[in-house]
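Peer 1: any chance you could fold what I've pasted below:
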Amino acid sequence: MLPDPSSLAALQARPDVTEMVTRGVCRILLNEGCAVLTEFTLANGRRADVVGLCPKGIITIVEVKSCRADFEVDAKWQDYLDYCDRFFFAVDECFPREILPDEEGLMIADGFGGATLRPTVDRKLAAGRRKAVTLRFARQAAFAATGR
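Peer 2: The predicted structure follows:
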């Protein structure tokens, strides 16, 4: 019996890299003036690695990838696109960037910060969806602040 591909990715996952890249992405977004949440649960039940709510209400989702296997078994990242204006992949310096889709944004990050190497396609959320995502963001931030 062949092993489940997601369990193979878990064996190869690099949580130290994920944590480092996530920290760097948060710093990038904070420098842009965005409020940031990690492990943000969307209305479709998916959990985005990093979400930024930027000063003009722009919603940015960043999917962190720690290694090739982490990307190759990921069939869910496209489920995030309907919930953001901007979507990026974020990886460390050693990641094989050529395997990532060219049409999506790209950030390189480490524990101290990072840079945007490729801009994202600008998607425009409908007003109702923007309101729903913004309200969900506010509620998750408030619950996190109160330890719930």
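Peer 1: centre-most residue in this protein?
Peer 2: Centroid check for the chain by C-alpha atoms, centre = their mean gives residue 62 as the closest residue, at 2.2 Å.
Peer 1: do you know the pLDDT at it?
Peer 2: At residue 62, the model reports a pLDDT of 98.
Peer 1: what ranges do the strands span in this structure?
Peer 2: With strands called from DSSP state E, the chain shows them at 35-41, 47-53, 59-64, 86-91, 105-110, 113-118.
Peer 1: for residue 20, find the nearest of the ones you listed.
Peer 2: Taking C-beta to C-beta, strand 105-110 is the member of those nearest to residue 20, at 5.7 Å. Any C-beta I mention is one placed from the backbone N, CA and C, and that applies to glycine too.
Peer 1: relative to strand 113-118, how tilted is the closest one?
Peer 2: On the basis of axes from the mean of the first three to the mean of the last three C-alpha atoms, to 10 degrees, strand 105-110 is oriented at 160 degrees to strand 113-118.
Peer 1: kind regards, and thank you for your time.
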